[in-house]
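Student: fold the following.
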Amino acid sequence: MKELNIVTPLISVTYDELSPDDRRLVDAAKKMTYRAYAPYSHFSVGAAILLDNDVIVTGSNQENAAYPSGLCAERTAAFYAHANYPDARFKAIAIAARETSGEEILQPISPCGGCRQVLAEYEQLAGHDVKVILAGRDCIYVVPSVKSLMPLAFTSFS
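Tutor: Numbering: from 1, shown residues only. Just a heads-up that it's a prediction; the model follows:
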């Protein structure tokens, strides 16, 4: 028997340490938290995806009384991006959240398993790493790739 360890590399940065493109992406994700429809969880999430054509596509979580018929912010943005820009490839995604009080969450949140799986497929489709920026009020985590968050993703690609 051989034990294997999976390491998730990430960098903790401040907003000012981000590149201008990354700040723009975080700002777009934070703005989208105000467009979330979250009357049940009271947890508003926004996502912003930078495409290789320099378009930023955004999304927010959309809940429904018939749970789990809602959709997370990351998938809202990802599906819209690929449906409307099928030839563009993802370069980066930023994710931010706020509570009902309007306060940004203190620490970064990461995508749920379903969103990680969807993003892993789009990263594989892109043929290169897709940076993941997880924005909290007190710090921001920059993860070099989706596969760092989902190293054993299910895939139909060979």
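Student: pull out the buried positions in stretch 83-100.
Tutor: 85, 88-98 (16 or more other Cβ atoms under 10 Å). Glycine gets a C-beta too; all of them are placed from N, C-alpha and C.
Student: now do the end-to-end distance for that stretch.
Tutor: Terminal residues of stretch 83-100 are spaced 31 Å apart (Cα to Cα, to the nearest Å).
Student: any idea how far Met32 is from Gln46?
Tutor: For residue 46 the amino acid is Gly, not Gln. Taking Cβ to Cβ, to the nearest Å as the measure, Gly46 falls 3 Å from Met32.
Student: who are the contact partners of Ile133?
Tutor: 18, 22, 25-26, 29, 92-95, 140-143 (Cβ atoms under 8 Å, 6 or more residues apart in numbering).
Student: I'd like to know how many residues surround the nearest residue to Ser60 once chain neighbours are set aside.
Tutor: Excluding its sequence neighbours, the residue lying closest to Ser60 (Cβ to Cβ, 6 or more residues apart in numbering) is Ala36, at 4.0 Å. For Ala36, the number of neighbouring residues by other Cβ atoms under 10 Å comes to 22.
Student: bridge partners for Ile133, pull those for me.
Tutor: Ala94, Val142 (DSSP bridges).
Student: ok so, going back, give me the more crowded residue out of Gly46 and Met32.
Tutor: Shown here are Gly46 and Met32; by other Cβ under 10 Å, Gly46 has more neighbours (28 against 24).
Student: and the furthest pair within the buried residues of stretch 83-100?
Tutor: Pairwise distances across the buried residues of stretch 83-100 (Cβ to Cβ) peak at 29.2 Å, for the pair Arg89 and Arg98.
Student: now do the strands in the protein.
Tutor: In the chain, the strands defined using DSSP state E lie at 11-13, 43-51, 56-60, 90-99, 131-135, 140-143.
Student: follow-up on the earlier one: intersection of neighbour lists for Gly46 and Met32?
Tutor: Common neighbours of Gly46 and Met32 (Cβ under 8 Å, 6+ apart) are 58-60, 73, 96.
Student: ok, these vs Ala153, which is closest?
Tutor: Checking the shared contacts of Gly46 and Met32 one by one against Ala153 (Cβ to Cβ), the nearest turns out to be Ala73, at 19.5 Å.
Student: next up, the contacts around the closest residue to Tyr67 other than its chain neighbours.
Tutor: Residue nearest to Tyr67 in three dimensions, not counting chain neighbours: Tyr40, with 6.9 Å by Cβ to Cβ, 6+ apart. Counting by Cβ under 8 Å, 6+ apart, Tyr40 touches 63, 65, 67.
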